[in-house]
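Asker: Sequence plus the predicted model coming up.
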Amino acid sequence: MSVVSVSMPDELLNRIDQFAEDHGYTGRSEVIREASRNLLGEFQDKELEDRELMGVVTVLFDYETTNVEEKMMHLRHEHESLVASNFHSHVGGHHCMELFVLEGTLDDISTFVGKVRATQDTLTVDYSVTPVDDFGPLADMD
Ligand SMILES: [Zn+2]
């Protein structure tokens, strides 16, 4: 196994150590290994491959101190064929919430979510993915 040096904020490190203690991990390395495997496996879902999917992505950021809004606008333009709609709202006084509705493949959606996550100064990034190619027999609905 290789030993690597990773920079992260003290606050995050404290949370990792606390998590390791609370959940009986041998230490922070084990937590980070498991978290990395989960992240890498996240978009490997065979059930969702080669299907038409809808994704909803929400991004929360601070209105006063960041240029996240501009970066979100660039992402929207860069992925114009994927972004079906986009909504911007102000929440909690000083925060902006950007919501994207995506329509595309798992690869497209995972690329988009990856770019949103890589954006500096976001507070939270959440998403969900739902197949839209099979809602069961429509004949039963009338
Ligand atoms: Zn705003």
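Answerer: Good, I have the coordinates.

Asker: Return the helix or strand in the protein with minimum mean pLDDT.
Answerer: The weakest-scoring helix or strand in the chain, judged by mean pLDDT, DSSP states H and E, is helix 28-41 (a mean of 90).

Asker: Could you name the helices and strands sitting against that one?
Answerer: helix 10-22 (3 or more Cβ pairs under 8 Å, 6 or more residues apart in numbering; DSSP states H and E). In this view, the C-beta of every residue, glycine as well, is placed from N, C-alpha and C.

Asker: how about the helix it packs on: buried residues?
Answerer: 16, 20 (16 or more other Cβ atoms under 10 Å).

Asker: how much does it deviate in direction from helix 28-41?
Answerer: 100 degrees (axes from the mean of the first three to the mean of the last three Cα atoms, to 10 degrees).

Asker: Centre of the chain to helix 10-22, how far?
Answerer: How far helix 10-22 lies from its chain's middle: 21 Å, per Cα atoms, centre = their mean, to the nearest Å.

Asker: Can you name the residues in contact with it?
Answerer: Contacts to helix 10-22, defined as Cβ atoms under 8 Å, 6 or more residues apart in numbering, come from residues 25-28, 30-32.

Asker: Which member of these is positioned nearest V4?
Answerer: I32 (9.5 Å; Cβ to Cβ).

Asker: rewinding a little: starting from the least confident helix or strand of the chain, tell me the next helix or strand along the chain.
Answerer: Proceeding N to C from helix 28-41, the next assigned helix or strand is strand 53-62, under DSSP states H and E.

Asker: Please consider this matter closed, and thank you.
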